[in-house]
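Undergrad: Structure of the sequence below:
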Amino acid sequence: MLVSFLPAIFLGSASFAFLNFGLPIYADEIGLDAVMIGGTYATFMGTIVVVRPLIGIGLDRMGRRWFFVLAFAFYVAAMAVFAQTEGVTGLYVARFLQGLGASFMWVTARTMVADLNDDTTRGVAMGRLTTTSVRGSLIGAFYGFTLLGFMPLQDAWPIAFAGYAVLSAVALLWSLCRVGETREAAPSVNVEWTLTPALRRVFILVFLTGFASALIEPIYLLYLKNKFDLPMLVLAWVFFPSGIVFAILPRYAGEWSDRLGRGRVIAVGIAFAAAVSIALPFWPSVVLVGTSYILFSVGWAMASPAVSALVADLAPDAARGRIIGFQEGAAGAGAALGPLVGGVLYEYVAPTAAFVLNGGILFGAALLAWFWFAGAPNRSARRT
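TA: Numbering: from 1, shown residues only. Sure thing, here's the model as predicted:
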């Protein structure tokens, strides 16, 4: 059953890399400042904060399949709006629709992976889910950036997103025809008894890491573009190797967390990302920046599947969807605040301030992960 929904994940992820690179530059070209650009990210993440916990409740009450199908309907709508928009209002609407699609897809997909794997294989399965998505986004990036090789961004933008809308529509058809149910609907359960101290600690951890990462997401390309005076296409190639890291490493990092324990892998990965983040804006060469970002990606590729597997390990079967939904909501809450704070720091404090704050928060999160979870083997974590 896992194989049956991975093709939809692959197709639905095609726009991710191009959008992550292109959105801040496109928004800058149509006149948005750093704070308004941060607002587009906050719109996306704010949608996640509200919607993902509700989806988790629905997954436990109504089953998984139709929530997964709806994800790609929202993606089709989002890509269509991106293709047609030339102003701030359209960007905000598209980001809202994209937030709905991401909420439905990720909460449901991670819950389905948790349904189909026990705590000896969830890490590698979560990593495989991540690598499938990243590989789809890299293929989509080749399409989008090839267009940029022939035309300016404002001309390439609508053509690229028209193509992404078509791919999302294919993902919608695939999910309708090929994706089955991994767990039938169940009566509602009382959530309070499932929120153990260990789960609360995970939610704190994902909030902190979500906030820290989002601090630099809307501004790092702007910062590097202005510092080195390079066109977007060149910057995209500088950061391309980091995508290769995410297309390969999470599957292996997830396996490490299955064998060595979630907490150790999470703590080491986050600490590694923290060290690189602090240094990243101070390198004098774009080659050194690109190399540093590869190392930054290694840290996140280690931590991400282990966090998802840890939450699934801790979640009781009857409340698995809502626990994963709450985890995603906690991460989204942090990530909704981060872009606004990062934009303010960039505009009114110093362009490097968000990178330093990001690294400091991540170091703190790594210490918490080690202290809370490094000593807990996977099978006993649920009883912590």
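Undergrad: and Phe371, how many neighbours does it have?
TA: 12 (other C-beta atoms under 10 Å). Placement of C-beta: from N, CA and C, glycine included.
Undergrad: any low-confidence regions in the protein?
TA: Scanning the chain for pLDDT under 70 picks out 1-3, 34, 184-194, 218-219, 221-222, 225, 230-239, 376-384.
Undergrad: Apply 50 and report the result again.
TA: 1-2, 189, 191-192, 379-384 (pLDDT under 50).
Undergrad: isn't Ile266 right next to Ala306, touching?
TA: Yes: Ile266 lies in contact with Ala306 (C-beta atoms under 8 Å); the separation is 4.8 Å.
Undergrad: any common contacting residues for these two?
TA: Common neighbours of Ile266 and Ala306, counting by C-beta atoms under 8 Å, 6 or more residues apart in numbering, are Ser257.
Undergrad: Gly254 contacts Thr120, correct?
TA: No: Gly254 is beyond contact range of Thr120, at 11.5 Å (criterion: C-beta under 8 Å).
Undergrad: Comparing these two, which residue is more hemmed in?
TA: Gly254 (29 against 11).
Undergrad: Secondary structure element holding the more buried one?
TA: helix 232-260 (DSSP states H and E).
Undergrad: Follow the chain on from that helix and name the next helix or strand.
TA: helix 262-279.
Undergrad: Report the angle between that following helix and helix 232-260.
TA: 150 degrees (axes from the mean of the first three to the mean of the last three C-alpha atoms, to 10 degrees).
Undergrad: Packing partners of helix 262-279?
TA: helix 197-216, helix 232-260, helix 286-314, helix 353-373 (3 or more C-beta pairs under 8 Å, 6 or more residues apart in numbering; DSSP states H and E).
Undergrad: Try it again at 6 Å.
TA: helix 286-314, helix 353-373 (3 or more C-beta pairs under 6 Å, 6 or more residues apart in numbering; DSSP states H and E).
Undergrad: Can I get the shortest one in CSV, CA atoms only?
TA: Pointing back at helix 353-373 there. Taking Å, rounded to 0.1, in the frame of the first residue of the first chain, the C-alpha atoms of helix 353-373 are listed here in CSV:
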residue,chain,number,x,y,z
ALA,A,353,20.5,38.6,12.5
ALA,A,354,18.0,35.9,11.5
PHE,A,355,20.8,33.4,10.7
VAL,A,356,22.4,33.9,14.1
LEU,A,357,19.1,33.6,15.9
ASN,A,358,18.2,30.5,13.9
GLY,A,359,21.5,28.8,15.0
GLY,A,360,21.1,29.8,18.6
ILE,A,361,17.5,28.4,18.8
LEU,A,362,18.6,25.2,17.0
PHE,A,363,21.4,24.6,19.4
GLY,A,364,18.9,24.9,22.3
ALA,A,365,16.5,22.5,20.6
ALA,A,366,19.4,20.0,20.0
LEU,A,367,20.2,20.0,23.7
LEU,A,368,16.6,19.4,24.6
ALA,A,369,16.3,16.6,22.2
TRP,A,370,19.4,14.9,23.6
PHE,A,371,18.2,15.4,27.2
TRP,A,372,14.7,14.3,26.6
PHE,A,373,15.0,11.5,24.1
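Undergrad: which other residues reach that helix?
TA: If you take C-beta atoms under 6 Å, 6 or more residues apart in numbering as the criterion, helix 353-373 is touched by 201, 205, 208-209, 212, 215-216, 262-263, 266-267, 270-271, 273-274, 277-278, 280-281, 342, 345.
Undergrad: For that helix, list every residue counted as buried.
TA: By neighbour count with 16 or more other C-beta atoms under 10 Å, helix 353-373 contains the buried residues 353-359, 361-363, 365-366, 368-370, 372-373.
Undergrad: before we move on, what about stretch 258-277?
TA: Within stretch 258-277, the residues scored as buried using 16+ other C-beta under 10 Å are 258, 260-277.
Undergrad: what about the helices in the stretch 51-200 of the chain?
TA: 65-84, 88-116, 122-148, 153-178, 197-216 (DSSP state H, counting those that start in this stretch).
Undergrad: picking up where we left off before, spell out which residues are contacts of both of Gly254 and Thr120.
TA: Common contact partners of Gly254 and Thr120 (C-beta under 6 Å, 6+ apart): none.
Undergrad: Check the gap between the spatially closest residue to Ala162 that is not a sequence neighbour and Leu205 for me.
TA: With C-beta to C-beta, 6 or more residues apart in numbering as the criterion, Ala162 has its nearest non-adjacent residue at 4.7 Å, and that residue is Ala83. Noted for Ala83: a distance of 37 Å to Leu205, by C-beta to C-beta, to the nearest Å.
Undergrad: more neighbours, these two?
TA: The neighbour count for Ala83 versus Leu205, taken as other C-beta under 10 Å, is higher for Leu205 (28 against 18).
Undergrad: Tell me how far the more buried one lies from Ile266.
TA: Taking C-beta to C-beta, one finds Leu205 at 8 Å from Ile266.
Undergrad: same question, Pro24
TA: 28 Å.
Undergrad: distance between the helix or strand hosting Gly329 and the chain's centre?
TA: Gly329 is part of helix 320-348 when elements are defined by DSSP H and E. Centre-to-centre, helix 320-348 and its host chain are 11 Å apart (C-alpha atoms, centre = their mean, to the nearest Å).
Undergrad: helices or strands up against it?
TA: Checked by 3+ C-beta pairs under 6 Å, 6+ apart, helix 320-348 has helix 34-62, helix 88-116, helix 197-216, helix 353-373 packed alongside it.
Undergrad: Distance to Leu6 added to the ones you listed, as JSON lines?
TA: Conversion of these to JSON lines gives the following (distance: least, C-beta to C-beta, whole Å):
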{"stretch": "helix 34-62", "distance to Leu6": "18"}
{"stretch": "helix 88-116", "distance to Leu6": "9"}
{"stretch": "helix 197-216", "distance to Leu6": "24"}
{"stretch": "helix 353-373", "distance to Leu6": "28"}
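Undergrad: Looking at these, spot the one closest to Ala156.
TA: Proximity to Ala156, assessed across the helices and strands packed on helix 320-348 by C-beta to C-beta, is greatest for helix 88-116 (16.0 Å).
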